[in-house]
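Engineer: predicted model follows, preceded by the sequence.
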Amino acid sequence: MEEFSRPNPNLLPPPSTAGVQPPPRNPFGGLLSVPRQRPGVRVTTEFDSDSSVFFHKISCKLFESLVKLKLSFRNDRKGEISDPQLDLTSKCLSLHYDLEEHNASIKGSFDVGPGLQLRAAHDVKDSSILTPVNDCVAQMINPRGG
């Protein structure tokens, strides 16, 4: 019976990487990079025993936790879905869309200077109705109360 000797794995040369090139760099610096793994999804369900209604929320954070996406809706006694709403929230901008009413609410805020903040809010009705820009509300707020 012949014995075959196997080569020592510690003495083997490393695999060749001559034909392998590194992935191209993202010109946006990783802000809009493709995630290496799927974002974590959070699912929350609450039950109101008085009205026998379930309230569901499904949310996840996107773009390295820069934006939060949330879908919320209710289930009644018959199992029908009602009040579906979609939210997209970041530090300076908030979009709220009511799927049944076809109504959107947009809110934004940012610091203009030390102790001074600009806030704006706008409600958008059905997409077939054009809303004039002068309906937009803007406020200058001093967070120090002065």
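Structural biologist: Ah, there it is. Numbers count the residues shown, from 1 in each chain.

Engineer: so what's residue 94 up against?
Structural biologist: 87-88, 105-108 (CB atoms under 8 Å, 6 or more residues apart in numbering). Where you see a C-beta, it was placed from the backbone N, CA and C, and this is true even at glycine.

Engineer: so which of these is the closest to residue 125?
Structural biologist: Closest approach between the contacts of residue 94 and residue 125, by CB to CB: residue 105, at 10.5 Å.

Engineer: hang on, isn't that closest one packed against residue 120?
Structural biologist: No. Applying CB atoms under 8 Å as the test, residue 105 and residue 120 come out as separate, 11.5 Å apart.

Engineer: which stretches of the protein form helices?
Structural biologist: Taking DSSP state H, the chain contains no helices at all.

Engineer: pLDDT below threshold where in it?
Structural biologist: 1-37, 126-146 (pLDDT under 70).

Engineer: quick one, strands of it?
Structural biologist: Counting by DSSP state E, the segments of the chain that form strands are 41-48, 53-62, 67-75, 81-89, 93-98, 103-113, 116-124, 137-141.

Engineer: make TSV out of the contacts of residue 94 and add neighbour count.
Structural biologist: Formatted as TSV, the contacts of residue 94 follow (neighbours: other CB atoms under 10 Å):
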residue	neighbour count
87	16
88	15
105	14
106	16
107	16
108	15
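
Engineer: now render the residues you listed as TSV, adding distance to residue 125.
Structural biologist: Shown next, in TSV, are the contacts of residue 94 (distance: CB to CB, whole Å):
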residue	distance to residue 125
87	18
88	18
105	11
106	12
107	16
108	19
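
Engineer: go through stretch 84-104 and flag the buried ones.
Structural biologist: 85, 87, 89, 94-97, 104 (16 or more other CB atoms under 10 Å).

Engineer: list the contacts of stretch 55-66.
Structural biologist: Contacts for stretch 55-66 (CB under 8 Å, 6+ apart): 30-32, 39-48, 67-75, 90-91.

Engineer: give me the neighbour count for the spatially closest residue to residue 45 that is not a sequence neighbour.
Structural biologist: With sequence-adjacent residues excluded and distances taken as CB to CB, 6 or more residues apart in numbering, residue 45 is closest to residue 56, at 5.2 Å. Residues contacting residue 56 under the criterion other CB atoms under 10 Å number 15.

Engineer: same question, the one 4 residues further on
Structural biologist: When counting by other CB under 10 Å, one arrives at 16 neighbours for residue 60.
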